[in-house]
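1. fold the following, please.
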Amino acid sequence: MEKNKASESLLTLLDNANNIIHVVARDTHEILYVNKAGNKYADNRNVTGELCYKYIFGLESPCPSKSSSAIQMLN
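-> Below you'll find the model as predicted:
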């Protein structure tokens, strides 16, 4: 499978998931990708580029290390 086809297939899979999926840059905390369920939750507002700790958790600074189970799974 070509890289572009594989990327398209992955995006299709992520976009059609019922759960909200955010992809966040670990170093900048910037939201890089949100699937359709996440966009629906955000009232179809584009949150790409926003800081995850502000948008997702309502915080003014980055989350403490390993503050959520999702973050723990990624570390």
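2. centroid residue for this protein?
-> His22 (1.2 Å; C-alpha atoms, centre = their mean).
3. is it true that that residue touches Val34?
-> Yes: in terms of C-beta atoms under 8 Å, His22 counts as a neighbour of Val34; the distance is 5.4 Å. Every residue, glycine included, has its C-beta placed from N, CA and C.
4. report the contact partners of the residue nearest to the centre of the chain.
-> Applying C-beta atoms under 8 Å, 6 or more residues apart in numbering to His22 gives the contacts 31, 33-34, 38, 52, 56.
5. same check on Gly58?
-> Counted by C-beta under 8 Å, 6+ apart, Gly58 has zero contacts.
6. in three-state terms, label it for me.
-> Here Gly58 is coil, with the state taken from DSSP: H, G, I helix; E, B strand; the rest coil.
7. out of the contacts of His22, which are buried?
-> 31, 34, 38, 52, 56 (16 or more other C-beta atoms under 10 Å).
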